[in-house]
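K.L.:
This is a predicted model, with the sequence first.
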Amino acid sequence: MSRYSELRDLLNSFEKDFIKFYEKGNKSAGTRVRKEMNEMKKKAQEIRKEIQIDSLRSFCYFDGFKAASAIPFVDGPGVPLHFLTGHCMLSKMKTLTIVLLPLAFSLGFKGEADYKKLHFESVVVDTHNDVVQRILGGEDISIRTHHGQSDLPRFREGGLDVEMFSIWVPPEKTAHSYFDQADEQIDSIDSFVRRNPREVGSARTAEDVKRLVKEGKFVAMLGMEGGHPIANDLRKLEHFYRRGVRYMTLTWNNSTAWATSAKDETDPEAKLTHKGLTSFGRKVVRRMNQLGMMVDVSHVGEKTFWDVIKTTRKPIIASHSSAWALCHHRRNLKDDQLKAIARNGGVVFINFAPAFVDSTFAEKENAMLKTNKARIDSIRATIRGDDFIRDQYTAEQLSREYEPIRPALAKLIDHFDYVAKLIGTDHVGIGSDFDGIHVTPLGMDDVTALPNITRELLARGYSEGDVKKILGENFLRVLREVERH
């Protein structure tokens, strides 16, 4: 296909998307837009006679609506830049101005219509979301909610096909057993699925995922964050597998009797009787391999990590971690750990938490919180619920104060890029930690912003095939491999 043909085809795609947009509100207006776009294509043909093709980005503004589309264009040596401007006066609508603006983008970077098409055609998986804590607080995520980062309508809007809901029992909650509390959290997701039978399905296998996605349903899966609900009992591990848990993070910040966490391994004041996996911890890993439950090394200490690598016979995952090389946080993975996961055939799912993405964020946040301490104390005093709920609500009330210190979206994409370049695109995925983090990077406010990852990866030159791997195919591969007995 010639570059001019690509220009023509992209213009056609561009036209269809905008016709669809306008016809929703006014068919006669849509007809006029169609006519204008036809005139635009004629002008493009005239341009072909005068110039070669390289790179162009188009910006379309309509009453505050903006779409950006990169389409091929070349401004050859000595050739003046060309601008195409069309005006469509629409009844009951403001003027639509279409401005085609030459920029130095590569042909590999597709336009708005193309990155969204790719995103929504792909199987998109997120391996870590803590919205269960909001459900426990009484929220109904079947409907659009007014705070937090997730709910069913927003999952759909963000093109998310599969969510692994985190079953996380705060270790300080000791009113009744961790085991029972974990069961209650699983009950809450089961209830969510039952209340939305036409839109949501529960998956336990890769084939379940394939079937439900084909049916057009949002897919709910379960991961357990922290091994403390199983205590020292493999029968409890088997119980949670039967209930649908398909990965277990061996520790949260708190160590278990059989595995030590990153927090405790790096804390000189932590009173540990051992570091790494005990003999029972190795039994846990082996039993997870036998069951077909993914071993998750996010949160675990380095000694535990390397003990897992020596013990496991199946690919492992890091469900929500980022790159230590870019941000020195105890929860991030060092290069030798990333390479070990790749050799194992596993996947690292990138965490969106600003403190894991940007090495300057924690200092900035601490200064901001100190400046606003009196206000924060006042806000928290009015909130019912545990510290998790208080932290989330307080952050929402401080959104203006957080805005200037939130990391740029590029900082987040840097972690995808770094890991992909170091160990390959077969070993990277999305592990947002939405609703487990109280603030997000700019351009990633909530789950509806997930298409921005697709856009930015394409902009950095990743092929559509590699982007699809990162969005979800890598997860499905590992899930299938772990399922094999």
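P.N.:
Okay, I see it.

K.L.:
Now do Arg195: how many residues are near it, please.
P.N.:
By the measure other C-beta atoms under 10 Å, the count of residues near Arg195 is 12. C-beta: built from backbone N, CA, C; applies to glycine.

K.L.:
What's the mean pLDDT across stretch 406-421?
P.N.:
Averaging pLDDT along stretch 406-421 gives 98.

K.L.:
Kindly export it (C-alpha atoms) in CSV.
P.N.:
Taking Å, rounded to 0.1, in the frame of the first residue of the first chain, the C-alpha atoms of stretch 406-421 are listed here in CSV:
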residue,chain,number,x,y,z
ARG,A,406,1.0,14.3,39.9
PRO,A,407,3.5,12.6,37.5
ALA,A,408,3.0,13.1,33.8
LEU,A,409,1.5,10.2,31.8
ALA,A,410,4.9,9.9,30.1
LYS,A,411,6.5,8.8,33.4
LEU,A,412,4.0,5.9,33.6
ILE,A,413,4.6,4.9,30.0
ASP,A,414,8.4,5.0,30.7
HIS,A,415,8.0,2.0,32.9
PHE,A,416,6.1,0.0,30.3
ASP,A,417,8.8,1.0,27.8
TYR,A,418,11.7,0.2,30.1
VAL,A,419,10.5,-3.2,31.0
ALA,A,420,9.6,-4.0,27.4
LYS,A,421,13.0,-3.0,26.1
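
K.L.:
Report the buried residues of it.
P.N.:
406-407, 409, 411-420 (16 or more other C-beta atoms under 10 Å).

K.L.:
and if you look at stretch 418-435?
P.N.:
Buried residues in stretch 418-435, defined by neighbour count with 16+ other C-beta under 10 Å: 418-420, 422-423, 425-435.

K.L.:
so how far does that stretch reach from one end to the other?
P.N.:
25 Å (C-alpha to C-alpha, to the nearest Å).

K.L.:
Show me how far it is from its chain's centre.
P.N.:
10 Å (C-alpha atoms, centre = their mean, to the nearest Å).

K.L.:
For the stretch 301-450 of the chain, which segments count as helices?
P.N.:
Remark: helices assigned in the stretch 301-450 of the chain by DSSP state H, counting those that start in this stretch are 302-311, 335-344, 354-357, 361-371, 373-381, 387-397, 399-402, 409-423.

K.L.:
Nearest to His228 among those helices would be which one?
P.N.:
Nearest to His228 among the helices of the stretch 301-450 of the chain is helix 302-311 (14.1 Å), distances taken as C-beta to C-beta.

K.L.:
In this protein, what residue spans correspond to strands?
P.N.:
56-62, 65-71, 85-88, 96-101, 125-129, 162-167, 200-202, 218-225, 245-249, 294-296, 317-318, 347-350, 428-430 (DSSP state E).

K.L.:
so which of the helices of the stretch 301-450 of the chain gets nearest Val124?
P.N.:
Using C-beta to C-beta, the nearest of these to Val124 is helix 409-423, at 13.9 Å.

K.L.:
Please verify my assumption that Val124 contacts Gly429.
P.N.:
No: applying C-beta atoms under 8 Å, one finds Val124 not in contact with Gly429, separated by 9.9 Å.

K.L.:
shared neighbours of those two, which are they?
P.N.:
Listed as contacting both Val124 and Gly429 by C-beta atoms under 8 Å, 6 or more residues apart in numbering are Leu471, Gly472.

K.L.:
Point out where the stretch 101-250 of the chain drops to low pLDDT.
P.N.:
Counting by pLDDT under 70, the ranges of the stretch 101-250 of the chain that qualify are 101-113, 175.

K.L.:
rerun at 90
P.N.:
Within the stretch 101-250 of the chain, the stretches with pLDDT under 90 are 101-113, 137, 146-147, 172-176.

K.L.:
likewise the stretch 251-400 of the chain?
P.N.:
For the stretch 251-400 of the chain (pLDDT under 90), the answer is 271, 379-393, 396.

K.L.:
try 80
P.N.:
383-389 (pLDDT under 80).

K.L.:
which one is Ala182 nearest to, not counting chain neighbours?
P.N.:
Closest residue to Ala182 apart from its sequence neighbours, by C-beta to C-beta, 6 or more residues apart in numbering: Pro229 at 4.0 Å.

K.L.:
Surely the one you found and Glu184 touch.
P.N.:
No: Pro229 lies out of contact with Glu184 (C-beta under 8 Å); the separation is 10.8 Å.

K.L.:
Compare those two and say which one has the larger neighbour count.
P.N.:
When Pro229 and Glu184 are compared for neighbours, Pro229 comes out ahead with 26 against 14, by other C-beta under 10 Å.

K.L.:
how is this protein carved up into domains?
P.N.:
The chain breaks down by automatic domain parsing into domains covering 3-107, 116-358+407-483.
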